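Novice: Here is my input; please provide its structure:
(one chain, ligands or ions: 1)
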Amino acid sequence: MNTMSCLSSNFKFVFLASTVIWMTVMSSSLAAVDASNVTTIGTDSVTYDRRSLIINGQRKLLISASIHYPRSVPAMWPGLVRLAKEGGVDVIETYVFWNGHEPSPGNYYFGGRFDLVKFCKIIQQAGMYMILRIGPFVAAEWNFGGLPVWLHYVPGTTFRTDSEPFKYHMQKFMTYTVNLMKRERLFASQGGPIILSQVENEYGYYENAYGEGGKRYALWAAKMALSQNTGVPWIMCQQYDAPDPVIDTCNSFYCDQFKPISPNKPKIWTENWPGWFKTFGARDPHRPAEDVAYSVARFFQKGGSVQNYYMYHGGTNFGRTAGGPFITTSYDYDAPIDEYGLPRFPKWGHLKELHKVIKSCEHALLNNDPTLLSLGPLQEADVYEDASGACAAFLANMDDKNDKVVQFRHVSYHLPAWSVSILPDCKNVAFNTAKVGCQTSIVNMAPIDLHPTASSPKRDIKSLQWEVFKETAGVWGVADFTKNGFVDHINTTKDATDYLWYTTSIFVHAEEDFLRNRGTAMLFVESKGHAMHVFINKKLQASASGNGTVPQFKFGTPIALKAGKNEIALLSMTVGLQTAGAFYEWIGAGPTSVKVAGFKTGTMDLTASAWTYKIGLQGEHLRIQKSYNLKSKIWAPTSQPPKQQPLTWYKAVVDAPPGNEPVALDMIHMGKGMAWLNGQEIGRYWPRRTSKYENCVTQCDYRGKFNPDKCVTGCGQPTQRWYHVPRSWFKPSGNVLIIFEEIGGDPSQIRFSMRKVSGACGHLSVDHPSFDVENLQGSEIENDKNRPTLSLKCPTNTNISSVKFASFGNPNGTCGSYMLGDCHDQNSAALVEKVCLNQNECALEMSSANFNMQLCPSTVKKLAVEVNCS
Ligand code: GAL
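Specialist: Numbering: from 1, shown residues only. Predicted structure coming up:
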C-alpha cells in the first residue's frame with residue numbers, strides 16, 4: 001500500500017569514511033570521475049568540478065539543512081539531526097558564532113550550547129556531512145552579526161575591510177576554530193563530516209562600500225582561509241570576485257538562474273530561505289511549502305548540485321543573542337522543523353518527498369548535460385539522459401497564474417501554475433511541487449499552571465511562592481559618571497547589558513501654569529534607538545521604541561512635574577545589535593535630544609545639560625537571575641505578586657510540566673523584559689502587538705515569486721507570545737523562574753504552555769499524480785502501490801480520538817475550516833471512523849470499496865479529512 005512516506009522514512013544513509021587532500025578537479029566534460037589522482041588514506045577526499053562536489057571519487061547531489069547549535073540545546077541536537085536525516089537531508093550546515101566563542105579577547109568558550117565539537121560529532125554519528133560556515137562574520141539575525149562587541153573597541157579596528165586589528169583577530173579566531181576541528185579530526189580530509197567551509201558571508205553586497213580596502217580584504221580572507229589547509233574546499237557566498245579555488249555560492253529565495261563566476265565551479269545554493277525571521281511588533285511571515293519545493297526543483301532542474309535550507313530548524317535566540325534591532329527571541333523561521341523541534345507539516349513532509357524523488361534522479365542528473373526543450377511560452381523541460389538508458393526530466397510551468405497541459409515525448413502532462421513535475425524515468429510523474437500529498441498537523445499551545453512544588457502539593461496557582469525585588473527608577477548605588485550632554489548608549493554599555501540610565505533634574509517654579517491645571521508639561525525625546533521608558537520622580541510616564549526598520553524614534557509625552565526639583569530618568573534600551581550592512585558596527589543608540597515644553601519661559605532644552613549615568617540594572621549587577629536561594633536577602637516574599645509594577649523582578653518556584661511535549665512560557669499578560677529558568681537565559685520577552693490595520697492573509701497563494709511580505713499572518717496579535725523553555729532545563733522539582741518586568745504586567749497570569757499536536761488534516765484529489773484513478777489500467781489497479789491513499793498519523797502515544805470532518809466529493813476550505821461542497825458521499829465520516837478511530841495512524845484508500853466512485857460523475861472528486869489526536 002502506498003502510505004504517504006512523507007510521514008515516516010525508510011531512507012538509509014551510509015557514511016563512507018575513507019580519504020584525501022583537497023584538490024580541485026577542473027573537468028570540462030561530465031565523464032566518469034577519475035579517482036586515481038587522489039590518495040586515499042582512510043579519510044574522505046572532497047574535490048569538485050563544474051557539475052558537483054566529488055567525494056571519494058563519487059559525484060554528489062546534496063540536500064543540506066541549516067541547524068544552528070546555539071539556537072537549541074545539546075539535549076535537542078540528536079533529535080534535530082535525526083529528523084533532518086529522516087527528512088531526506090544529507091548535510092547539516094551551521095555558522096560558527098564568534099561572539100559566543102570568544103566572549104573576551106583570547107578567552108574561548110566551547111561549552112553548553114556552544115559545544116561545537118559535540119554538535120559535529122552528533123552529525124558524524126548520524127552518518128551525515130557538514131558545511132561549516134565559519135565566517136566569522138555571519139549576519140544571521142544574531143547579535144552584532146556574530147562579531148564580538150569588544151572587537152569594535154580594539155583601537156584602529158574597522159570591521160570587514162583591510163584593517164590590521166580586524167584581520168589579526170579574525171585570523172586568530174579562524175585558526176583557533178580550524179585547529180579545534182582538526183584536533184578532533186572533523187574535516188572530511190581526516191575522516192570527519194566537514195566537506196566544505198565558508199569564509200566571510202555575503203561580502204559581495206558591501207565590498208564596494210569599502211573601496212580598495214574591501215577588495216584587498218576579500219582577497220586576503222580567501223587566501224587566509226586557504227592557508228588553513230583543511231583539506232576540503234572553501235566557499236564564499238554572494239562573493240562576485242571569489243578567487244580560485246574558492247567556490248562562490250548563491251543566497252536567495254530562488255537560485256535556479258545563478259551561475260558561479262567560473263565555469264569550473266559547481267552550482268551551490270547556501271541559503272534557500274524556506275520562511276523568514278520576525279521582529280517584535282511585526283507580522284508573521286510564512287513561505288508556502290509548494291513554493292519552497294518549486295524553488296528547489298528548479299535549482300536541480302537547472303544544474304544545481306548542493307542546496308541548503310536556511311533555516312531547516314531556526315530555533316531560539318536565547319538570552320541576548322538575538323540581533324537587531326528587534327529580532328524576536330523566537331527564530332522559528334517557518335522552517336521545516338519548528339522552533340520546538342517538531343516537524344512542521346506539511347512543509348517537512350512535502351520536502352521529504354521531494355528529496356526522495358530528486359535523489360532517485362541523482363545518477364542521471366550528475367552524469368549528463370541536460371537538453372533544454374521549450375514546452376510553451378513559460379513552460380520548459382530539462383532532460384538528463386545517457387546512452388545507458390538513464391533518463392530524468394523536469395517539466396516546469398513558470399506561469400504564476402495558469403495551469404497548463406504540455407506535451408512531452410508524445411504524452412500530455414498537466415502542470416499546475418508555478419510548479420515543476422519530476423519524472424525520474426522521463427515518463428512517470430513521481431512528484432509535482434504544487435501537489436501537497438502529505439498531512440497538515442494541527443498544533444496548539446495547551447496552557448498549564450506553574451504548579452508550586454516544595455511549598456504546597458496543591459495545584460493552585462495562588463499558593464505559588466512569589467518573591468519580588470524592585471529596581472530603583474534611576475541611578476541606583478553609586479553613579480557611573482556625570483557628563484554634559486549625551487553619550488552613545490552602545491559605546492557606554494559595550495553591550496554588557498541592554499539597559500542604560502540617563503538621569504538629570506530640573507527645577508520647576510510653583511507658578512508654572514501646568515501646575516495649576518492650565519496647560520501641560522510635555523517631554524520631547526529624539527533617540528537613535530532602540531527603546532526607552534521615561535520616569536519622572538520615579539514614576540513611569542511613557543515608553544517608546546523604533547519601528548523596526550530604522551532604529552530612530554522621536555516622541556512627545558505629557559509628564560507630571562511638581563514644584564521644586566524633579567528627576568528625569570530615561571531608561572534607554574538596546575534590543576539586539578545591528579547584524580549587517582556596510583560599517584554597521586558604528587551604528588549607535590540612545591537619546592540625542594531631550595526637551596521639556598510648557599514653561600512660561602518657553603521650552604527647556606536639556607540636551608546639553610549635566611546627565612548622570614548608570615550602566616545596567618541593580619538586579620543584573622547582583623546577578624539576581626542566578627540567585628536561587630529563597631532566603632536570600634535580596635528578595636522580599638509576597639503572598640500575591642504585585643501587578644502592573646514597572647522595574648520589578650519576580651521569582652517563583654515552579655514545577656516541570658508533566659509529559660514530554662516541548663514547553664513555552666506564555667507571556668501574553670506581561671509587558672517587556674527578560675526571563676530565566678534555573679539561571680538559564682530564556683531571553684527577551686515582549687508580546688508587542690502588530691497593527692491590526694496592516695494586511696494579513698488567511699490563505700496564501702503559493703503561485704508567483706515569494707517575498708517576506710507576501711504571506712503574513714498575525715495582524716493585531718503579539719509577534720511573539722510564547723517563549724521556548726527547553727525541557728532539559730527543568731529539574732524534577734524546585735525550578736526557579738525569574739522574570740524582570742520593565743513596564744508592568746500580571747505575573748499571576750503567567751502559564752507554561754505545552755506544544756501539542758492536537759490533530760491532523762489530509763486531502764487527496766484524484767488528479768494527484770500518484771493517485772490518477774481514471775488513468776489506472778487493469779493490472780495497475782490491482783497493484784496496491786498505485787491506489788490513491790490518504791494517510792493520517794497522530795504523534796507517538798496518541799490516537800485518532802474523533803473525526804472532525806470527512807468528505808469524499810468536492811469539499812472546500814483548508815485544514816481547520818473544511819466545508820462540504822455540493823457533492824458529498826454520506827458514508828464518508830462512518831468509513832473514516834471505521835478505519836481510523838483509536839488508531840495511531842491510518843490509511844484511507846480512495847477505492848470503490850470505500851467510497852461511492854460513481855457519485856457526481858462530472859465532478860473532480862476529493863477526499864478531505866480532519867481528525868483529533870489525544
Ligand atoms: C542572509 C544572511 C543570513 C541571514 C539571512 C536572512 O543575507 O547571509 O545570515 O541573515 O540573510 O535570514
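Novice: make it CA atoms for all contacts and neighbour counts henceforth
Specialist: Will do.
Novice: Surely residue 242 forms part of a helix?
Specialist: No. Using DSSP: H, G, I helix; E, B strand; the rest coil, the assignment for residue 242 is coil, not a helix.
Novice: pLDDT weak spots in the protein?
Specialist: Applying pLDDT under 70 to the chain flags residues 1-5, 8-42, 452-463, 547-551, 628-632, 766-787.
Novice: now do the same end-to-end measure for stretch 818-838.
Specialist: Stretch 818-838 has its terminal residues 22 Å apart, counting by CA to CA, to the nearest Å.
Novice: Name the residues of it that are buried.
Specialist: 818-820, 823-825, 828-829, 832-833, 836-838 (16 or more other CA atoms under 10 Å).
Novice: What is the nearest of the residues you listed to the ligand?
Specialist: residue 818 (33.4 Å; CA to the nearest ligand atom).
Novice: Please identify the nearest residue in space to that closest one, excluding sequence neighbours.
Specialist: residue 812 (5.7 Å; CA to CA, 6 or more residues apart in numbering).
Novice: Now do the same contact list for the one you found.
Specialist: Going by CA atoms under 8 Å, 6 or more residues apart in numbering, residue 812 touches 818, 819, 820, 821.
Novice: sorry, back to before: any chance of the buried residues of stretch 818-838 in a markdown table, plus distance to the ligand?
Specialist: Compiled in a markdown table, the buried residues of stretch 818-838 are given as follows (distance: CA to the nearest ligand atom, whole Å):
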| residue | distance to the ligand |
| --- | --- |
| 818 | 33 |
| 819 | 37 |
| 820 | 40 |
| 823 | 45 |
| 824 | 44 |
| 825 | 46 |
| 828 | 44 |
| 829 | 43 |
| 832 | 42 |
| 833 | 43 |
| 836 | 40 |
| 837 | 42 |
| 838 | 42 |
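Novice: which residues touch residue 572?
Specialist: So residue 572 contacts 489, 499, 500, 501, 502, 529, 530, 531, 532, 533, 590, 591 (CA under 8 Å, 6+ apart).
Novice: quick one: which of the residues you listed sit in strands?
Specialist: 499, 500, 501, 502, 531, 532, 533, 591 (DSSP state E).
Novice: mind checking how far the second one is from the ligand?
Specialist: When distances are taken as CA to the nearest ligand atom, to the nearest Å, residue 500 and the ligand turn out to be 27 Å apart.
Novice: how about that residue, what does it touch?
Specialist: 489, 493, 571, 572, 573, 613, 614, 615, 616, 617.
Novice: Bridging across strands, which residues link to the fourth one?
Specialist: The one in question is residue 572. residue 500, residue 532 (DSSP bridges).
Novice: Any figure for the gap between it and the ligand?
Specialist: 26 Å.
Novice: Show me which of the ones in strands among the contacts of residue 572 is closest to the ligand.
Specialist: Nearest member of the ones in strands among the contacts of residue 572 to the ligand, counting by CA to the nearest ligand atom, is residue 531, at 22.4 Å.
Novice: Count the neighbours of the nearest residue to the closest one once chain neighbours are set aside for me.
Specialist: Residue nearest to residue 531 in three dimensions, not counting chain neighbours: residue 545, with 3.9 Å by CA to CA, 6+ apart. By other CA atoms under 10 Å, 22 other residues sit near residue 545.
Novice: what about residue 545, distance to the ligand?
Specialist: From residue 545 to the ligand the distance is 22 Å (CA to the nearest ligand atom).
Novice: Pull up the residues of the protein that are close to the ligand.
Specialist: Contacts of the chain with the ligand, taken as CA under 6 Å from any ligand atom, map to 138, 139, 140, 141, 201, 202.
Novice: Next up, the contacts around the last one.
Specialist: What that stands for is residue 202. Contacts of residue 202 (CA under 8 Å, 6+ apart): 236, 237, 238, 239.
Novice: The residue of the chain found nearest the ligand: what's it in contact with?
Specialist: Scanning the chain for the residue nearest the ligand gives residue 140, at 3.2 Å (criterion: CA to the nearest ligand atom). Residues counted as contacts of residue 140 (CA under 8 Å, 6+ apart) are 146, 323, 579.
Novice: Identify the residues contacting the first one.
Specialist: Just to be clear, that refers to residue 146. 97, 98, 99, 100, 136, 137, 138, 139, 140, 579.
Novice: which residues of the stretch 351-500 of the chain fall in strands?
Specialist: 371-376, 379-385, 391-397, 404-408, 411-415, 419-423, 431-432, 440-448, 466-470, 481-484, 499-508 (DSSP state E, counting those that start in this stretch).
Novice: Sheet-wise, list the partners of whatever helix or strand comes next after the longest one with their directions.
Specialist: Right, the one you point to is strand 499-508. Proceeding N to C from strand 499-508, the next assigned helix or strand is strand 521-527, under DSSP states H and E. Here strand 521-527 is paired, per DSSP bridges, with strand 553-559 (antiparallel), strand 591-599 (antiparallel).
Novice: check which helix or strand covers residue 64.
Specialist: Assigned by DSSP H and E, residue 64 falls in strand 62-67.
Novice: re earlier: which among the ones in strands among the contacts of residue 572 gets closest to residue 509?
Specialist: residue 502 (23.3 Å; CA to CA).
Novice: and the closest one, how many neighbours?
Specialist: 26.
Novice: Now for it: which residues touch it?
Specialist: 474, 569, 570, 571, 572, 611, 612, 613, 614.
Novice: Separate out the buried members of these.
Specialist: Looks like the contacts of residue 502 have 474, 569, 570, 571, 572, 611, 612, 613, 614 buried, using 16+ other CA under 10 Å.
Novice: Tell me which residues touch the first one, please.
Specialist: Yep, that's residue 474 we're talking about. By CA under 8 Å, 6+ apart, the neighbours of residue 474 are 501, 502, 503, 535, 538, 569, 570, 571, 614.
Novice: dump the residue contacts of the third one.
Specialist: To tie it back to what came earlier, the one meant is residue 503. 474, 475, 567, 568, 569, 570, 611, 612, 613.
Novice: The second one and residue 616 touch, don't they?
Specialist: So that's residue 475. No. If you go by CA atoms under 8 Å, residue 475 and residue 616 don't touch, sitting 9.6 Å apart.
Novice: between those two, who's got more neighbours?
Specialist: With neighbours defined as other CA under 10 Å, residue 475 and residue 616 compare such that residue 475 has more, 24 against 21.
Novice: what sits against the closest residue to the more buried one other than its chain neighbours?
Specialist: Leaving out its chain neighbours, the residue that sits closest to residue 475 by CA to CA, 6+ apart is residue 614, at 5.5 Å. Residues in contact with residue 614 (CA under 8 Å, 6+ apart) are 474, 475, 476, 479, 480, 481, 500, 501, 502.
Novice: one more time with 6 Å
Specialist: 475, 479, 480, 500, 501 (CA atoms under 6 Å, 6 or more residues apart in numbering).
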